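A.B. asks: this one's sequence-less:
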């Protein structure tokens, strides 16, 4: 039956290889189960419900990938997009998390329409390639900054706005208070995760989280780390009481609020930002991982890409209903492909493991911010590597990409980075007389006008 479903022999693989590949993929991306509830709970969402929504949404979307496209790709709430959801849309723009979920649902629905009508290719070709790469770089810097803040390595400062945490100031009576210990542990965690990456250890990001957390537990047992609820530093040992019990998803299930449409321009920018990042991140991941697995055809295109994109879009809609941010294809799927995964059986294995994780919520939810921060910082680095794909020889391409990149972390907003990137690209190329040469599409001009109206009139 498995042979009939997944065509294992045709793709020169075996059941054993596929199972190992699925486990490998899960190990490399399971960190999202610890990180996502921590990020989204900053909006007031119930962390336990977000955990369940994350696991269920990831499993469902990954199963869809297996059966709609028969590819060894796994999906989960995207890093960067969850930060945009929490820190830009909710905490920055003032929308409720219920409205933000509605924006994600609409984005997913639009993605379904674009996929079924093949408009996706037109939109993909509209945005200049250098801006596509710039978005990934900017998001990388943005989430790395969030990781530094989460661990309190970077703190607020009245004079300079931001500053490094003072290790010397953390000393009290010859010992560090808990925040100082968290800062040091996060720094150690980054080095551990980086070392594991350098050594090409499978599951390096998850192992980095676990190692940092275990070090914290040891220091807590030794009395070096002292929990302080006022400082947001909580006990590190997970309670085993809830093991085997699934956290209720009811606090977030079906809580979408569509009243945000009352602010049409702002809401449109939010929806577009989700759609833009999801669309291009998904395309880049699918093509990149497929190339590694030699799945591209003679025209360097991915067969059955519509099924893969549809799985992504349906997963996003389902995730919004369950109560989590945009579900997208994970670049960590490359780890499973490297382990030999070639079919949807790899994805099924990963999806089953996401379902099993539902019974271990207390463990994932007990992971402290200083332990997940190294994952944010290192994933930020991995996303920033796209800067090597930007063509720095043409300033009319590079400067808009640069503006897009720096705006995201400095304005604390992914959507503003996209807006400034598109506006500067169109304006600079028009002024330089390169608009015809670059074949700038009408859609780019329309987007520029929409963003300008938003900045000056809204």
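C.D. replies: Yes, it's here. This structure is a prediction, so every number in the text was calculated from the model and none was measured.

A.B. asks: Return the distance of the residue nearest to residue 411 when sequence neighbours are not counted relative to residue 435.
C.D. replies: Leaving aside its sequence neighbours, residue 411 sits nearest to residue 417 (C-beta to C-beta, 6 or more residues apart in numbering; 6.9 Å). In this view, the C-beta of every residue, glycine as well, is placed from N, C-alpha and C. Applying C-beta to C-beta, to the nearest Å, the value for residue 417 to residue 435 is 22 Å.

A.B. asks: can you check residue 376 too?
C.D. replies: If you go by C-beta to C-beta, the gap between residue 376 and residue 435 works out to 39 Å.

A.B. asks: Repeat that for residue 338.
C.D. replies: For residue 338 relative to residue 435 (C-beta to C-beta), the value is 43 Å.

A.B. asks: Quick check: buried residues in the helix or strand residue 444 falls within?
C.D. replies: Residue 444 belongs to helix 442-457 when assigned by DSSP states H and E. Within helix 442-457, the residues that count as buried by 16 or more other C-beta atoms under 10 Å are 444, 447, 448, 450, 451, 454.

A.B. asks: just checking, what packs against that helix?
C.D. replies: Counting contacts by 3 or more C-beta pairs under 8 Å, 6 or more residues apart in numbering; DSSP states H and E, helix 442-457 is packed against helix 119-126, helix 264-292, helix 414-431.

A.B. asks: Residues in contact with that helix: which ones?
C.D. replies: Outside helix 442-457, the residues that touch it by C-beta atoms under 8 Å, 6 or more residues apart in numbering are 123, 126-127, 265-266, 268-269, 272, 419, 422-423, 425-427.

A.B. asks: Quick one: which of the residues you listed has the lowest pLDDT value?
C.D. replies: When these are compared on pLDDT, residue 123 comes out lowest, with 65.

A.B. asks: got any ranges where the stretch 101-250 of the chain has weak pLDDT?
C.D. replies: Applying pLDDT under 70 to the stretch 101-250 of the chain flags residues 120-125, 167-177, 232.

A.B. asks: If I look at the residue nearest to residue 411, what pLDDT would I see?
C.D. replies: You'll see residue 417 listed with a pLDDT of 86.

A.B. asks: what's the burial count for it?
C.D. replies: 29 (other C-beta atoms under 10 Å).

A.B. asks: contacting residues for it?
C.D. replies: 135, 138, 142, 404, 405, 407, 408, 411.

A.B. asks: May I ask which of the residues you listed has the most neighbours?
C.D. replies: residue 138 leads those on contacts (other C-beta under 10 Å) with 34 neighbours.

A.B. asks: average pLDDT for stretch 434-444?
C.D. replies: According to the model, stretch 434-444 has a mean pLDDT of 89.

A.B. asks: Now do that stretch: distance to the chain's middle.
C.D. replies: Relative to the chain's own centre, stretch 434-444 is displaced by 30 Å; criterion: C-alpha atoms, centre = their mean, to the nearest Å.

A.B. asks: Please apply the same query to stretch 412-422.
C.D. replies: Distance of stretch 412-422 from its chain centroid, counting by C-alpha atoms, centre = their mean, is 17 Å.

A.B. asks: now stretch 236-245
C.D. replies: 26 Å.

A.B. asks: next one: stretch 189-207
C.D. replies: The answer for stretch 189-207 is 18 Å, by C-alpha atoms, centre = their mean.

A.B. asks: And that stretch, what's buried?
C.D. replies: 189, 190, 192, 193, 194, 196, 202, 203, 204, 205, 206, 207.

A.B. asks: Point out the other helices and strands that the host helix or strand of the third one packs with.
C.D. replies: Residue 192 is located in helix 178-198, with elements delineated by DSSP H and E. Applying 3+ C-beta pairs under 8 Å, 6+ apart, one finds that helix 178-198 contacts helix 167-170, helix 204-221, helix 369-384.

A.B. asks: ok, residues contacting that helix?
C.D. replies: So helix 178-198 is contacted by 151-153, 165, 167, 170-171, 176, 204-205, 207-209, 211-212, 215-216, 219, 224-228, 231, 233, 368-371, 373-375, 377-378 (C-beta under 8 Å, 6+ apart).

A.B. asks: let's go with 7 Å and repeat that
C.D. replies: 151-153, 165, 167, 170, 204-205, 207-208, 211-212, 215-216, 219, 224-228, 231, 233, 370-371, 373-374, 377-378 (C-beta atoms under 7 Å, 6 or more residues apart in numbering).

A.B. asks: now swap in stretch 208-218 and tell me
C.D. replies: 31, 34, 185-186, 188-189, 192-193, 196, 225, 236-237, 367-368, 370-372, 374-375, 378.

A.B. asks: what's the answer for stretch 356-368, then?
C.D. replies: With C-beta under 7 Å, 6+ apart, stretch 356-368 has contacts from 33-34, 37, 47-48, 51-52, 55, 209, 213, 216, 234, 236, 238-240, 242-244, 246-247.

A.B. asks: What residues sit buried inside it?
C.D. replies: 357, 358, 360, 361, 362, 363, 364, 365, 366, 367, 368.

A.B. asks: Ends of that stretch, what's the gap?
C.D. replies: 22 Å (C-alpha to C-alpha, to the nearest Å).

A.B. asks: circling back to that earlier point, distance to residue 394 for the helices and strands packed on helix 442-457 - can I get that in JSON lines?
C.D. replies: Converted to JSON lines, those look like this (distance: least, C-beta to C-beta, whole Å):
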{"stretch": "helix 119-126", "distance to residue 394": "18"}
{"stretch": "helix 264-292", "distance to residue 394": "20"}
{"stretch": "helix 414-431", "distance to residue 394": "10"}
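
A.B. asks: and of those, who's closest to residue 88?
C.D. replies: Nearest to residue 88, of all those, is helix 414-431, at 6.1 Å by C-beta to C-beta.

A.B. asks: What's the first helix or strand after that closest one?
C.D. replies: Following helix 414-431 toward the C-terminus (DSSP H and E): helix 435-438.

A.B. asks: contacting residues around that following helix?
C.D. replies: Counting by C-beta under 7 Å, 6+ apart, residue 429 sit against helix 435-438.

A.B. asks: Give me the buried positions along that helix.
C.D. replies: 435, 438.

A.B. asks: Also stretch 366-385?
C.D. replies: So, applying 16+ other C-beta under 10 Å, buried residues of stretch 366-385: 366-380, 383-384.

A.B. asks: What helices and strands are in contact with the helix or strand harbouring residue 103?
C.D. replies: In this structure, residue 103 sits in helix 97-116 according to DSSP H and E. Contacts defined by 3 or more C-beta pairs under 7 Å, 6 or more residues apart in numbering; DSSP states H and E place helix 97-116 against helix 264-292, helix 305-322.

A.B. asks: are any of the contacts of helix 442-457 buried, and which?
C.D. replies: 123, 127, 266, 268, 269, 272, 419, 422, 423, 425, 426.

A.B. asks: Select from the helices and strands packed on helix 97-116 the stretch with the lowest mean pLDDT.
C.D. replies: helix 264-292 (a mean of 75).

A.B. asks: and that one, how far from the chain's centre?
C.D. replies: So, by C-alpha atoms, centre = their mean, the centroid of helix 264-292 is 11 Å from its chain's centroid.
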